[in-house]
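> take this sequence and fold it.
(chains A, B, C and D)
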Number of protein chains: 4
Amino acid sequence: MNTMSAAWDTLAIQSLGECKVANPLPYCRFVSDATLLRMNVPEEDLPEPTEELIYCDFQMAGPREKIYFDPSKVKCAIVTCGGLCPGINDVIRSIVMEAFHNYNIASCVGIRYGLQGFIPKYQHDLMELTPRSVADIHQFGGTILGSSRGSQPVDQIVDALERMNVSILFVIGGDGTMRAAKAIQQEVAARGRKIGVIGIPKTIDNDINFVSKSFGFDTAVEKATEAIDCAHTEAVGAYNGIGLVKLMGREAGFIAAQSVLALKEVNFVLVPEQRFDFEGENGLLPALERRLKSRKHAVIVAAEGAGQDHTGQSGEKDASGNVKLGDISDVLMARIKGYFAKRDMPITIKYIDPSYIIRSVPANSNDRVYCGFLGQHALHAGMAGKTGMVVSRMQDRYVHLPMELVTDKRKRLNLRSDYWRSVLESTGQDPITNIFRDQTCLS
Amino acid sequence: MNTMSAAWDTLAIQSLGECKVANPLPYCRFVSDATLLRMNVPEEDLPEPTEELIYCDFQMAGPREKIYFDPSKVKCAIVTCGGLCPGINDVIRSIVMEAFHNYNIASCVGIRYGLQGFIPKYQHDLMELTPRSVADIHQFGGTILGSSRGSQPVDQIVDALERMNVSILFVIGGDGTMRAAKAIQQEVAARGRKIGVIGIPKTIDNDINFVSKSFGFDTAVEKATEAIDCAHTEAVGAYNGIGLVKLMGREAGFIAAQSVLALKEVNFVLVPEQRFDFEGENGLLPALERRLKSRKHAVIVAAEGAGQDHTGQSGEKDASGNVKLGDISDVLMARIKGYFAKRDMPITIKYIDPSYIIRSVPANSNDRVYCGFLGQHALHAGMAGKTGMVVSRMQDRYVHLPMELVTDKRKRLNLRSDYWRSVLESTGQDPITNIFRDQTCLS
Amino acid sequence: MNTMSAAWDTLAIQSLGECKVANPLPYCRFVSDATLLRMNVPEEDLPEPTEELIYCDFQMAGPREKIYFDPSKVKCAIVTCGGLCPGINDVIRSIVMEAFHNYNIASCVGIRYGLQGFIPKYQHDLMELTPRSVADIHQFGGTILGSSRGSQPVDQIVDALERMNVSILFVIGGDGTMRAAKAIQQEVAARGRKIGVIGIPKTIDNDINFVSKSFGFDTAVEKATEAIDCAHTEAVGAYNGIGLVKLMGREAGFIAAQSVLALKEVNFVLVPEQRFDFEGENGLLPALERRLKSRKHAVIVAAEGAGQDHTGQSGEKDASGNVKLGDISDVLMARIKGYFAKRDMPITIKYIDPSYIIRSVPANSNDRVYCGFLGQHALHAGMAGKTGMVVSRMQDRYVHLPMELVTDKRKRLNLRSDYWRSVLESTGQDPITNIFRDQTCLS
Amino acid sequence: MNTMSAAWDTLAIQSLGECKVANPLPYCRFVSDATLLRMNVPEEDLPEPTEELIYCDFQMAGPREKIYFDPSKVKCAIVTCGGLCPGINDVIRSIVMEAFHNYNIASCVGIRYGLQGFIPKYQHDLMELTPRSVADIHQFGGTILGSSRGSQPVDQIVDALERMNVSILFVIGGDGTMRAAKAIQQEVAARGRKIGVIGIPKTIDNDINFVSKSFGFDTAVEKATEAIDCAHTEAVGAYNGIGLVKLMGREAGFIAAQSVLALKEVNFVLVPEQRFDFEGENGLLPALERRLKSRKHAVIVAAEGAGQDHTGQSGEKDASGNVKLGDISDVLMARIKGYFAKRDMPITIKYIDPSYIIRSVPANSNDRVYCGFLGQHALHAGMAGKTGMVVSRMQDRYVHLPMELVTDKRKRLNLRSDYWRSVLESTGQDPITNIFRDQTCLS
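Model prediction:
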């Protein structure tokens, strides 16, 4: 059994100081920092791929017997950043409910519109968060706080935290946001302030390292399959009908892959992790032609980040620092139409882009339960004086991770995994082995 | 009470000949051709708008005591044309079930891929339709027969009908298809053949004259509201967030209008029937600016055919003879971004186009019941030797209409109606009265 | 064409007095009391069944050019009574929005927990209703006002209306509630007060006379079909599996009938309107045996009021004055088990009672649009000084009806109608003709 | 780190013999029997509760480089037993697709109606399973094979397997079925036959040991929350309204507990694992009274196996050997009504029992993906000559478990866990601590 010694130290969780306050919760059982949970780390989370089983010891999430803050003096702040994701309101609700009902903290404020809400020039008001004000918010998608993309000056953020006398800041956002959170925590430490910074990683693309499945992902896949189902219906409804669906997934094809597994009607799946050719022996277009000739219809699912080498993208970046993507669906439409026009083979393409529909719906039951635990564990960690860490569910367990672990590297589909093989198998035998055979793996 | 004497004669339904065969159905009650149902005709169905109440007498749908065909020798054919619509499979299933279980007809065939299926050069096989083969098809969206757009030579179609010994042809399609069905019926008549041609009008846009609400429309609106709900969530989730949804509706804004009534979160609705200005006192953009300044978010719903005078469309036509539309969403995005960039007012636009999702889902319960009756009444009409007619539900009643009535003119939103006023009210008071005040009605 | 002269006079709508105030709405077009809409009345709404087509002239709903009340002094009150139904909150929301946004009335209060809310001894607080407080309520099922069953002293109710200075009372409830509303209106008139009483008929059972389809019915059917689908799955999943579903429908089987049409998997449907025998040539049990022997599974749908002659019901009444029903599902289970036990034929029965699930869900899009219009038209009528009337949608048109018309008699399934024949056909050929053949119609 | 040495040996997986056939799959990577995965075992799976972290080494699921059977001679058989569960058809489909598309086996048969299908006297036909015949079955709930409860003579079952020349038998069922599967495997071994027996554990109650979450559970919870939502709506809709929901869960309250976490509107949750008193200081009824007095409505969720000491159950057993339960909902209704009648406090109870609705719906996306992997891994195991084992997902990993491990003991809610504490917290602060405080844990 191979333990990951190099990474071992990096799993240590920072703390604001010694915990001396008795936890007010009437628990049967508390979790101790000393008890570490040894878990196998999936290959895709490792810095270098390996076939060996690598294990790490993780700090377990949960309430501590002694906490750092005196609840009666605690003021929490919550901020939500980046794109929407099903379940954000559930996390907010859970933090607030746990904070007031179980820890009896003094107050909780919501920062409006992401990190902008800290910066005076934007003049966004704060939102007072109470059990009453958040009671029904889980019924709605999105975030009641609003969100924004991009970074803001760290010193102004920490100034704001000081002015507001915040004890614990909860940051819900993607890897860019977690980097900002880390910077905030470091600035807080540099100023010698006792403000905890706890992250709850959020991504619709499920590409966060050391998070088995990010919250909202299940819900997004459920909605994505509806779009694919429609594309299949459209494809079947026409002679040589082609249903094309573009799904979210800038650098990782998890939504596309999982949707393919959930709905068995997809014949071609294109993801950012695996490049493909349009023409030639292993090309998509000849395979598509064979498929149409044998079955008269086909369904293609493309992650938005797939085939970027075909789009002539400029490399320009948006406000969050993400590279602007070329539109793979335009390229696919043009290439498919051109190919079959040249062969005088009539086809009908129906293109569906569910876009934001998959991420702005309310969370399903599974995600709601998940988000409830994320919020509770974030609060337990914050009250115990942890900082510079995120709460994660790995393999059904809730653990604490140092922020660096989730920001160092984005998770991508492991093209050598059993999971990806199942995805390819699901898309059907012949065409796929032709397209993807002998292809160079990109990951 | 004003009866519509001019149109009176046009409501007569053609017949293949005298009905002499006893209807095999064990009915308590049959419907007589002599009993006409007098109904008020909605203003939007009239050739000329008028505030007067106009009444017409309609032939009622239902089983006739005497029928024209000997069931044991009847062969039915069903063809589905044009775009998909929720409920097509339900109509097919209903015709087949009624034909076999109640009339005990000899056989029923499905024509594949629209009118193409009649033309030898396409080499599409026929599909044998039996109660067993259609038993589960209502669980799926689309059409099991496949569809295609565009017309085919009428003489070849009638040749095919003759070769196949078809007694009754059921045509499910839009107004273009109904014109083709009329031509088929006329060619059949010219050749002196006894083949009935019965239409079941289909349109996702709900723009068929003398059809209160076309089948599948309810289902489509239900799905459309999901997209709008998401757009609203996205809009609220950003500072000055704008959710923009494009919905089907080439020449008529019924889906947009009904969705606005069903979901109360829309602030601006743009439909083909009403032109609008971007700038100026009544312009969309200043109104949008006012809305954002007061509420920080806005939701816009645009039918695809809205604002065509702004798109620089070429007037080119597609295979079905429909004018190719310019993309109003591109124009809206560009104009909105330009307007606010000039004013240095940061905004976030999220664009959602549910496209085919709203039309390829299975029918909801309401549409299923509706389609069941359409199919049954189409068969009753066909067995009774009616031809050149369509089955329609007007104001909760099933009636026979001459094909001309539904093809002469497409229905459009009546901008002077109580219905449209409610739509505008639903989008909110201030912005709307500014935009649309004093505007010239187009209808 | 036969006009219903006897009923003609009863269609007159009462008024509080002459309308002298200009309607503040910026309408293109108002509706005049003088313009009556002639419509055919469905047979089931008539006092006596007849095959003749009977027509009546109805007062049309809509805004009047002159109104009775000065909006700036109007106080509205809304009360919801009886069982829940999808869409009640939509009606409330619509009344409030129309009242404040378009008529600019002074205030609107909600009466809590039905008629109890008027009676001092219950000490229920009033609920202030404003556009802000009702903005999101359509997202939730049920009624934000709460409800209760049973009557309350009319004089105390009118005392309360006087104390509160209510101008218009909107009553949402069933036929019992409409009788109470009529009594309130008469007491108001006897006291010479100028308080309008407007009803919006509500029933999950769709058994209101002169209402084509009551609001919430569509939604309820949609949910009911889910339960039937599950029963079918359970039935198929066992050898000689029987899926039994009980649905709402105390005196009318509309939900059962419509669900059968919407989901084609039901083999036996039992409704209050048609008695049946268990044993004998036309009995349910032998027919069930034949069905099982040929297909190995069966689905039975029973309205709760079906087969009451088999339940040994006592005739006792509940708080709303409704007869307490015997439990037909118990009887069915016992009789079916006994019958097959005697024949040593192993069966598996799975019983599903969705009960309140079908009525407490939020309204679907179709019902939302419908409820929006009901609320608006109720307010138009109230502002115009109408009283003692209800708003109804008949055959896609909104009309005013005198309260007596909807309370005189409950609507029941017309067993001689095309509609019911389709229901029976849908349940399958052989068994049904055996069971129900030669049966006496009860309606 | 404590490894579970006692259980270590029991984790060995039996095999039919040495694997000498090359796996026909074009894999990058195979799984070796030698590589064991060390995982922490959740406390509720352990024979004795302990706060220590216990680890075991598990054989990993996945394709083996060498397999035992020659695919071209393999005949698979699939049987489904016990109650329905979302996803059964997905498992069947996955086994069949993997078997034919990837291993190219010779044939696959479905055994009808559970173990009965093996026994000649029942005369159930076999069902030929092919990729074509199973292509669409995931769209439907239930099992296309049918099911039955109870055991059948093991020797006759093995006789049938021999007669049919089955190589691998796949058994989908609960713990009783897994005991039967174990007996079959032992009889096969005693006869010296080379027939693999692979189990896929199924339970809607999620009470299988060493299975983190059983397939279909997620879907069931999603449906269960709909029923609770309706109960909440009904409760709010009446003064002192009480919504009571009974959910599946004979000996384990997982569905109830998870639903409470997913929908935050439940005030009291009753599960089999924790007894409760009706009256007295910690009683349910006084707590309910306090709740009603403060909030005017309450929602109670009871697992069907809760409070059995209050039902006077007889201890009788059904065909599957399960103890027949007393009806806790009857007891609850009676006790609640009695309690408040005595206090002259008017209440309204609305009882909802979704019963089979939660288990006979089609699987959601999450469960579909899960079932796909279960089927594939079952086939990999079977082809590799494993026997007497089940496929399980533990903490996101698919592993092989000896059958004994899942049949020895049923999993129950761990009342000392963080999970259960969250459930109680979710039901609200005051009432719950009163009811369940100082109660003896039953587990």
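> can stretch A:364-374 be said to contact chain B?
No. Judged by C-beta under 8 Å from any C-beta of the partner chain, stretch A:364-374 and chain B are separated, with a smallest distance of 14.2 Å. (Each C-beta comes from the backbone N, C-alpha and C, glycine too.)
> let me see the mean pLDDT of that stretch.
The pLDDT scores in stretch A:364-374 average 97.
> contacts for that stretch?
A:86-88, A:90-91, A:94, A:138, A:200, A:215-219, A:222, A:363, A:391, A:393, A:398, D:218, D:221-222, D:225, D:258-259, D:261-263, D:364, D:366, D:422, D:426 (C-beta atoms under 8 Å, 6 or more residues apart in numbering or on different chains).
> with stretch A:171-183 instead?
A:78-83, A:88, A:91-92, A:114-115, A:143, A:151-152, A:154, A:157, A:169, A:184, A:197-203, A:208, A:320-322, A:388, A:390, A:403-404, A:406-407, A:410.
> put the alpha carbons of it into PDB.
The C-alpha coordinates for stretch A:171-183 follow below in PDB (Å, rounded to 0.1, in the frame of the first residue of the first chain):
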ATOM      1  CA  VAL A 171     -16.600  31.700   0.100                       C
ATOM      2  CA  ILE A 172     -18.600  29.700  -2.500                       C
ATOM      3  CA  GLY A 173     -16.900  29.700  -5.800                       C
ATOM      4  CA  GLY A 174     -14.700  28.000  -8.400                       C
ATOM      5  CA  ASP A 175     -10.900  27.600  -8.500                       C
ATOM      6  CA  GLY A 176     -10.300  31.200  -9.400                       C
ATOM      7  CA  THR A 177     -12.400  32.200  -6.400                       C
ATOM      8  CA  MET A 178     -10.500  29.800  -4.200                       C
ATOM      9  CA  ARG A 179      -7.300  31.400  -5.200                       C
ATOM     10  CA  ALA A 180      -8.800  34.700  -4.200                       C
ATOM     11  CA  ALA A 181      -9.900  33.200  -0.900                       C
ATOM     12  CA  LYS A 182      -6.400  31.900  -0.300                       C
ATOM     13  CA  ALA A 183      -5.000  35.400  -0.900                       C
END
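> quick one: low-confidence parts of chain A?
A:1-10, A:28, A:314, A:319-320, A:428-443 (pLDDT under 70).
> the helices in it, which residues?
Secondary structure of chain A by DSSP state H: the helices cover A:5-8, A:88-97, A:131-134, A:154-164, A:175-190, A:217-236, A:254-262, A:284-295, A:328-342, A:357-360, A:365-383, A:403-407, A:418-426, A:430-436.
> which residue sits closest to residue A:219 in space, ignoring its chain neighbours?
residue A:86 (3.9 Å; C-beta to C-beta, 6 or more residues apart in numbering or on different chains).
> identify the residues contacting the one you found.
A:141, A:215, A:216, A:219, A:220, A:359, A:360, A:361, A:362, A:363, A:364, A:367.
> same question for residue A:284.
Taking C-beta under 8 Å, 6+ apart, one finds A:268, A:270, A:276, A:277, A:278, A:435 in contact with residue A:284.
> mind picking the two most distant members of the residues you listed?
A:268 and A:277 (12.8 Å; C-beta to C-beta).
> which of the contacts of stretch A:171-183 fall in strands?
A:78, A:79, A:80, A:169, A:197, A:198, A:199, A:200, A:201, A:390 (DSSP state E).
> from residue A:243, how far out is residue A:230?
8 Å (C-beta to C-beta, to the nearest Å).
> between the two, who's got more neighbours?
Just comparing residue A:230 and residue A:243: by other C-beta atoms under 10 Å in any protein chain shown the higher neighbour count belongs to residue A:243, 31 against 27.
> which residue is the nearest non-sequential neighbour of that one?
residue A:231 (3.0 Å).
> surely the one you found touches residue B:356?
Yes. Residue A:231 lies in contact with residue B:356 (C-beta atoms under 8 Å); the separation is 7.3 Å.
> how about the residues of the stretch 1-150 of chain A near chain C?
A:139, A:140.
> would TSV of the helices of chain A with distance to residue B:22 be doable?
Below are those laid out as TSV (distance: least, C-beta to C-beta, whole Å):
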stretch	distance to residue B:22
helix A:5-8	86
helix A:88-97	65
helix A:131-134	70
helix A:154-164	86
helix A:175-190	77
helix A:217-236	41
helix A:254-262	54
helix A:284-295	47
helix A:328-342	54
helix A:357-360	55
helix A:365-383	57
helix A:403-407	78
helix A:418-426	55
helix A:430-436	56
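> which one of those helices lies nearest to residue D:109?
Nearest of the helices of chain A (C-beta to C-beta): helix A:418-426, 22.7 Å.
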